[in-house]
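# Build me a model from this:
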Amino acid sequence: MTITNKGERMEYAKIFEIFIASDLCCNKFEGEILEVVGNLTRLKHLNLSNNMLTGPIPLALEYLTNLEALGLSHNKLIGRLPWQLTHLNLLEVFCVSNNHLIGLVPKG
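Prediction:
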């Protein structure tokens, strides 16, 4: 994976699983959120807001059972909110506004 930060491109062979917080908002990321995000099981905070992400919310987010805050607002996400998100018992902040999502928030 290649990440550009402040104009400097950095190549990563793998995503380290020890991250506990990742704020990737306002980066103009495009495409779908990959299922591999479910491997970051120690994450407590994930913010992907204000990008151009498309597709459905990945079911793999259910494996982020330590997650306390999830920000996905202001993207182009589609579909229903996965009921699997009800497995996120520690989740306190959940922002998905300004997408193209349908249906109700699952009760957990």
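
# would you say residue 101 is within a helix?
No - under DSSP: H, G, I helix; E, B strand; the rest coil, residue 101 sits outside any helix and is assigned strand.

# Bridge partners for it, pull those for me.
Taking DSSP bridges as the rule, residue 101 bridges to residue 79.

# mind listing what it touches?
57, 77, 78, 79, 80, 81 (Cβ atoms under 8 Å, 6 or more residues apart in numbering). All C-beta atoms are positioned from the backbone trio N, CA, C, and that covers glycine.

# With residue 47 instead?
22, 23, 24, 25, 69, 70, 71.

# Give me the below-cutoff pLDDT ranges for the protein.
Within the chain, the stretches with pLDDT under 70 are 1-6, 10, 12-19.

# Taking the contacts of residue 101, please make a PyMOL selection of just the buried ones.
Buried residues within those, by 16 or more other Cβ atoms under 10 Å, are selected in PyMOL with:
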select buried, resi 57+77+81
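
# most neighbours, which of the contacts of residue 47?
residue 70 (23 neighbours; other Cβ atoms under 10 Å).

# The strand or helix carrying it pairs with which strands?
Using DSSP states H and E, residue 70 falls within strand 69-71. Next to strand 69-71 in the sheet, as set by DSSP bridges, lie strand 45-47 (parallel), strand 93-95 (parallel).

# hmm, back to that, for the contacts of residue 47, work out which two are farthest apart.
Distances among those were taken as Cβ to Cβ; the most separated pair is 24 and 69, at 13.1 Å.

# picking that back up, if we take the contacts of residue 47, which one ends up nearest to residue 102?
Out of these, the member with the shortest distance to residue 102 (by Cβ to Cβ) is residue 70, at 18.5 Å.

# dump the residue contacts of that closest one.
Contacts of residue 70 (Cβ under 8 Å, 6+ apart): 46, 47, 61, 64, 88, 91, 93, 94, 95.

# how does it look with 6 Å?
46, 94 (Cβ atoms under 6 Å, 6 or more residues apart in numbering).

# ok, back up a step: would you point to the one among the strands paired with strand 69-71 that's packed deepest?
Highest mean neighbour count among these (mean count of other Cβ atoms under 10 Å): strand 45-47, with a mean of 19.
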